[in-house]
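[1] Predicted model and sequence below, questions to follow.
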Amino acid sequence: MPGAKQPLVTTAITSRGCPHSCPFCFTYTKQYRVRSIDNILDEMEHSISLGITETFFVDDLFTPNAAWAMKFCDGIEARGLKFNWGYKTTIAGTTREQIRRCKEAGATKIHFGVESMHNEGLAVHQKHCDTDDVHRVFKWCREESIRSVAYIMVGGPHETTRDSILGNLNEALKLDPDYAAFAIYTPYPNTPTFDEGAKMGLYAADCWDRLMKDPLCGAEVPVVWEEHLSKEDLLDLLKICHRKFYFRPKFIARQLLQLESKQELKRLASGAISLLKLEMLKADSPEAPV
Ligand code: SF4
């Protein structure tokens with residue numbers, strides 16, 4: 001797991017649904033419900049008793065509001081629990097105080113659903129923030145010494161050319177998170193985004209229904225947004241994003257400087273070997289310069 005500090009890491013879920021309504025997301029409008037803080041901390045105590053001292057909370061959104069996050073941190077300290085943890089959240093609603101408090105209570109990394117590094121993209125994805133907010137939050141993470149991960153989408157209604165996607169990548173490089181997870185913009189069923197694409201004729205509105213009823217019917221479901229760029233183009237751009245981010249000397253140097261244990265060095269080395277193997281497999285594929 002990127003950014004893990006401990007040799008044994010587990011995952012946990014504290015909530016389902018999300019109070020936000022990003023139109024591309026399949027948790028869109030799903031009712032938010034959360035476990036009690038005591039119940040979550042009981043699970044953490046059990047994990048620690050098994051020797052697992054790091055947990056990544058894989059909730060769609062771990063910090064529904066600042067007050068909940070503060071209470072969670074208070075609970076960790078009240079029980080004297082010592083473990084590292086990380087979580088996923090949004091730029092909108094994140095405060096410096098929240099980052100600092102989570103760090104004090106053991107958090108070591110935060111994953112942010114940034115999605116776009118352009119204001120137009122942030123508006124399309126309804127992230128309720130602008131690029132200044134994004135830069136501010138990642139700066140807070142650096143200043144509070146907590147690792148940051150940026151989720152960035154590739155392609156979509158507002159990214160009409162290869163240059164616009166590569167421009168987004170360049171802005172993500174300037175943001176300089178510890179890690180970045182690039183992913184193709186995918187119209188998931190039962191989302192406003194999916195309905196919009198179906199109305200535009202990018203795919204059949206009933207494609208998922210037909211496929212679910214008969215997996216052998218041959219219905220094609222959309223995995224990319226092909227309004228402006230082809231699937232091949234988008235997959236090629238996705239590869240470029242990963243290469244340009246992870247093969248930077250600055251990224252490699254930072255990883256080495258942040259090493260705190262032999263286990264981290266081992267994990268880094270095995271990740272680098274996997275990446276190199278992948279690159280060797282793809283050596284014959286063309287790449288456009290950024
Ligand atoms: S993308 Fe994240 S913040 Fe937006 S609705 Fe989905 S889970 Fe919630």
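    Happy to help now that I have it.

[2] lowest-pLDDT helix or strand in this protein?
    Least confident helix or strand, the chain: helix 262-281 with a mean of 71, by mean pLDDT, DSSP states H and E.

[3] Next, the buried residues of stretch 14-32.
    14, 15, 17, 18, 20, 22, 24, 25, 27, 28 (16 or more other CB atoms under 10 Å). Just so you know, the C-beta spots here come from the backbone N, C-alpha and C atoms, and that holds for glycine as well.

[4] hmm, that stretch touching the ligand?
    Yes: Stretch 14-32 lies within reach of the ligand by CB under 6 Å from any ligand atom, at 18, 20, 21, 22, 25, 27, 28.

[5] Need the residues you listed in a markdown table (columns: distance to residue 248).
    As requested, these are exported to a markdown table (distance: CB to CB, whole Å):
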| residue | distance to residue 248 |
| --- | --- |
| 18 | 32 |
| 20 | 31 |
| 21 | 35 |
| 22 | 29 |
| 25 | 29 |
| 27 | 32 |
| 28 | 34 |
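
[6] And the least confident helix or strand of the chain, what does it pack against?
    Contacts defined by 3 or more CB pairs under 8 Å, 6 or more residues apart in numbering; DSSP states H and E place helix 262-281 against helix 249-258.

[7] who does the helix it packs on touch, helix- and strand-wise?
    Looks like helix 249-258 contacts helix 262-281 (3+ CB pairs under 8 Å, 6+ apart).

[8] Residues touching the helix it packs on, excluding its own?
    4, 5, 6, 7, 243, 246, 255, 256, 258, 259 (CB atoms under 8 Å, 6 or more residues apart in numbering).

[9] mind running it again at 6 Å?
    Contacts to helix 262-281, defined as CB atoms under 6 Å, 6 or more residues apart in numbering, come from residues 7, 255, 259.
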